[in-house]
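Novice: let's see this in three dimensions:
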Amino acid sequence: MVEFLSMLLIYICLLEMQSSLEQLYAGTGLGDAEGSVEPTLDIVAIHGLNPKGKESHAFDTWQDKKSGNLWLRDRIPQQQPSARIFLYEYNSSPVFGSSQRRFLEEANQFLECLRLERRKDPTRPLLLLGHSLGGILIKQALVNAFNNPTYRDIQEATYGLVFFGTPHGGPGDDWKISLGKASVRIAQSLPGITSNDIMEALKKGSLFSDSLQTQWRHQLDHYKIVTFYEGIGNIVPRTSAVLGLSGDRENQVKLEATHGDMCRFNPNVQTDAKNYKLVEGNVLELCEVAEMLGFGLPLNTKAERTYEALLDSLRCYCRNPRRYESLENHTESFQWIWSTERSEPGFVDWLRSDDCIFWISGKPGSGKSTLMKYLTENERTKELVSKTPIPTFLISYFFYELGDPQEKAFVSFLRAFLYSLLEETHSISKTASSVLIQILEPYMKQTREQPWAQKALQEALQHILLKFPVNAGVVLFIDGFDECEGSHADQLDFLKDLVGSSKGSKLSIRICIASRAEVDIQLRLSTHPSLAIHRFTDPDILSYVAKRLKAAWELMAAQPDGTTATFDQELIDSVVRKAEGVFLWVNLVVTQLVMAIEAEAEVSDLHREVARLPEGLEQLYQRIVAKIPQNRLHEAINLLQIVAKTNAHEYLPPHYGADTLWKIHNAMKDPSTAISEEAYFEEGFRGNDAPSQEEQCAAMKRRIQSCCRGFVHCDDTSNLCEAKVTFLHRTCVEYILNTEIFSQMVAKADRNLIRNPEVALMAMALRLLKTDPQHKPPFLVARLGQASCNNKQGVVRIFFTRAKHAERATGSAHTLFIDELDRACSLLWQEWASSFYFIQNKELQLDWHTDVLRLAVYYCLTLYVSQAIEKEGQRLFQRAGRPLLYYAVDGGHRSSNQDEVMQLLLEKGADPNQAFGQMHTEVEKKTYIRALFDHCENSEVVDSDGVGIVEWADTIQYYCDPVRKDTQTDPWMGGFIRAEIAARTTRKRLHSRVEVAVTNAAKKGQKKVKCGENSDI
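Specialist: Sure, this is the predicted structure:
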């Protein structure tokens, strides 16, 4: 009777117990930092069989009674403050002592509790810990979750599973019987009364569905699993407690504890402390990797928008086309880089070491860029990097003196590095990505006017190193460092500080740099592991020379009329000996030898030619130039100058010039014919019988090869018209155009046939507009309702840009070209100028009456504008529409050209007080006011047009007046004006007259700042 009453009491208690999640820790920080942390993952622990029906069983399973240590609450948060931690309480006796249906229902009940708890962030990474039969409930729950879309998020978010003495069934055909026997042993080991129903159900294994094991095995690859088995006793033997998976999926660990005590620890007992160390280490490792991989964790919508905004803010400022160029392929030639012999390069040893910097140096043209391209794309590099214990990714940047202006700037490299770091971090860890977004968002907002300045970028990178939340690594490849503008000393000092700081950060940064051995670079990198590439390339050069010369000899031998050309190894060896490791020298020499072989030169002649070849690049260039026929010199000069103005311009990117074979073809024509040539869209256009574009480009390629003797390189591509045309190497600019070699070429050539390259490029743009439908201008595309045109660098913009440079280069206005552009564009659309201006500035107002003259002002074509003023006089300033001065300040980029055109307009009678809408930015206003000051400073009491500075007081007062509607900008503008005055305190005339305007404004309520005081500026 007593036994019956005891059982009845237990079952009443059990029926009153409800399944629930008990939160032990909120994952939001501890102590003073509470509330400052965002939860990044969830940990849920599930107990096993509870035959006594104790309400505290969920706690007792994980808590040591004597010390009171509940490690999930008291210890784990100290190491993982961003983890929410729960215990799952449930009525285990009915679950394990009833029917299969009841067991399945409890698994679903557990899922429902989890779903509701995680509904605000259902994809947060999840770790599940199960003791004993609680582990079986976890397995059933994950199988159910996979089969039920309502709970699929839980299954997909689960990264790690930790089983403490869970009987998985072990070896044998009937896993249910094996599991049942182990379960019975567990029940028998528990104190108190165990129901015969529970014992019978466990013994038969009837609780577990036939499909559980099969479906569970299909999921195993999805999880990282740790199985702890008991080292004291044999309740659940090791063969049953482990899953038998490979080491990369399952970590099997023995704990020196009994089955009941294996997940509770007394920190004052040495054995328990050792056991806990094993448990904590494995649990924290799962937490760290789950966060690192961002397992199941997308960014929220706001963070995603910020992430995309950050990428957008960096993308257009970090273009690096050089990185994607197909450099000459010598992949079979670089096998030596992988050697680990002591006397060999050491690159592999560096990747395996802790040293942060590796330096690849070499002579000009020795193949550094080709090697760096090979290393960044080769799978062996990626394989070596992947063997590091932390996720590591490769980032590369190729400085290029002949490329886009951005590709020479250190700030562009920093932007590209930050962009790639943000992108790569987003792919490996959503947690780290969230941290980066929080760090970078303020910098993005601070740099709206001057996006991502160098100081902000450097601060941001250092900030990232301090705050990066997970272990990760970056191997950064930087090529052509000597081609970077600015102080190499300062730049390298920053990079060395950065990699030094990374040693104390969770983000490890290592750098492989390639450059010439310039003094300031060598001083800072010579103490690091390095290789001089030209010391290792002799076998590669031998292979390259033999391959090309053999192909030339075989080509001649195959001719039907026969030839005396024969293979000559001695000639090949002579070339290799003189090369001294410089691939570029070899390339040029072999090109000359191939041309000689194809001209049926005798072997003895080839030997004499090689013997006479100088070993230095400059001397070699001089010798090759001397061989250009006299009647082709002017053509070579024109080509070299056009390619130079395209690829080596101070700040214009190559697509503003003749960067393709088709553009080169058009730029090499007589510029004047661009004016007279008939446009394909003119009424009555008759067309012509010219060869196809492909045929014309093929002929142009042959001309380049013939007269440039290998200095200019055309890409091999199926679309010949779009083949890129560049210098073979930057030394072509250094040793030809910038030395006496070029002067000697010009002296020998017919000067009447030498053209100004800027005029040639301007004419090229006009010709393409008139003759090639593929270069349809953006304003026409928009008018025809075709796909939106994002090509702001269309031929019209290229024309105006090159016209500005042509003016400065020749000192004359190219009125005929500009007028012809206006005529041709007007045939396409009468309002073309307004539409074109809209595409450039997103401002379209028909009452502005934008025309070609206003565009000429916008592009600072000072000489053209001056001629127009001379022709029309003051009537020009009285035209309806937006004042010319407004076009002069649009864009707000102050330059000498802009100053000149503004000064011209002011001197010729433009009224600075003429109102027409508002200027849109403070930068534009600053430009306008500074121009007035500069103009006043250089004028007498009155200007040539009779307008004195006093008459301009209204304009200056406009920007200082505090009662205007746009007062939010006026104080700032007033401060700027006072700064301008203070900077000119020694210029008494300007000082005294402009002070009148500021004083008048001050009387209206704005605080007056004395001229010369700049403490508030």
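Novice: and Tyr229, that one's in a strand?
Specialist: Yes. Counting by DSSP: H, G, I helix; E, B strand; the rest coil, Tyr229 is found in a strand.
Novice: list the residues that contact it.
Specialist: Gly165, Val236, Pro237, Arg238, Ala241, Val242, Gln252, Val253, Lys254, Leu255 (C-beta atoms under 8 Å, 6 or more residues apart in numbering). Placement of C-beta: from N, CA and C, glycine included.
Novice: neighbour count added to the residues you listed, as a markdown table?
Specialist: Formatted as a markdown table, those follow (neighbours: other C-beta atoms under 10 Å):
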| residue | neighbour count |
| --- | --- |
| Gly165 | 30 |
| Val236 | 28 |
| Pro237 | 15 |
| Arg238 | 14 |
| Ala241 | 26 |
| Val242 | 22 |
| Gln252 | 16 |
| Val253 | 16 |
| Lys254 | 17 |
| Leu255 | 24 |
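Novice: could you dump those residues to TSV with distance to Ser82, pLDDT and secondary structure?
Specialist: Listed next are the contacts of Tyr229 as TSV, based on distance: C-beta to C-beta, whole Å; pLDDT from 0 to 100; DSSP: H, G, I helix; E, B strand; the rest coil:
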residue	distance to Ser82	pLDDT	secondary structure
Gly165	29	92	coil
Val236	33	87	coil
Pro237	37	88	coil
Arg238	34	91	helix
Ala241	30	90	helix
Val242	30	92	coil
Gln252	28	95	strand
Val253	25	95	strand
Lys254	30	95	strand
Leu255	27	95	strand
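Novice: need the max-distance pair from the residues you listed.
Specialist: Farthest pair in the contacts of Tyr229 (C-beta to C-beta) is Pro237 and Val253. Separation: 15.1 Å.
Novice: quick one: the contacts of Tyr229 as CSV, columns for distance to Trp338 too.
Specialist: Shown next, in CSV, are these (distance: C-beta to C-beta, whole Å):
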residue, distance to Trp338
Gly165, 48
Val236, 49
Pro237, 48
Arg238, 43
Ala241, 44
Val242, 39
Gln252, 36
Val253, 38
Lys254, 41
Leu255, 44
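Novice: all strands of the chain, in order?
Specialist: For the chain, the strands defined by DSSP state E cover 20-25, 41-46, 83-89, 126-131, 158-164, 224-230, 250-255, 357-361, 392-398, 472-479, 507-515, 530-532, 712-714, 725-727.
Novice: can you redo these as TSV with distance to Gln491?
Specialist: TSV is the format used below for the strands of the chain (distance: least, C-beta to C-beta, whole Å):
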stretch	distance to Gln491
strand 20-25	46
strand 41-46	40
strand 83-89	41
strand 126-131	44
strand 158-164	41
strand 224-230	42
strand 250-255	45
strand 357-361	13
strand 392-398	12
strand 472-479	10
strand 507-515	10
strand 530-532	18
strand 712-714	29
strand 725-727	25
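Novice: ok, which of these comes nearest Lys382?
Specialist: The nearest among the strands of the chain, by C-beta to C-beta, is strand 392-398 at 6.8 Å.
Novice: avg pLDDT for that closest one?
Specialist: Across strand 392-398, pLDDT averages out at 91.
Novice: which strands and helices sit next to it?
Specialist: Where contact means 3 or more C-beta pairs under 8 Å, 6 or more residues apart in numbering; DSSP states H and E, strand 392-398 is packed against helix 321-324, helix 368-377, helix 379-386, helix 410-428, strand 472-479.
Novice: those into JSON lines, with extra columns for mean neighbour count, distance to Met668 and mean pLDDT?
Specialist: Putting the helices and strands packed on strand 392-398 into JSON lines (neighbours: other C-beta atoms under 10 Å; distance: least, C-beta to C-beta, whole Å; pLDDT from 0 to 100) gives the following:
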{"stretch": "helix 321-324", "mean neighbour count": "16", "distance to Met668": "24", "mean pLDDT": "70"}
{"stretch": "helix 368-377", "mean neighbour count": "21", "distance to Met668": "28", "mean pLDDT": "90"}
{"stretch": "helix 379-386", "mean neighbour count": "14", "distance to Met668": "42", "mean pLDDT": "86"}
{"stretch": "helix 410-428", "mean neighbour count": "21", "distance to Met668": "32", "mean pLDDT": "89"}
{"stretch": "strand 472-479", "mean neighbour count": "22", "distance to Met668": "32", "mean pLDDT": "93"}
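Novice: helix 410-428 and the helix ranked longest in the chain, what's the angle between them?
Specialist: When the chain is parsed with DSSP state H, its longest helix is helix 270-292. Here helix 270-292 runs at an angle of 120 degrees relative to helix 410-428 (axes from the mean of the first three to the mean of the last three C-alpha atoms, to 10 degrees).
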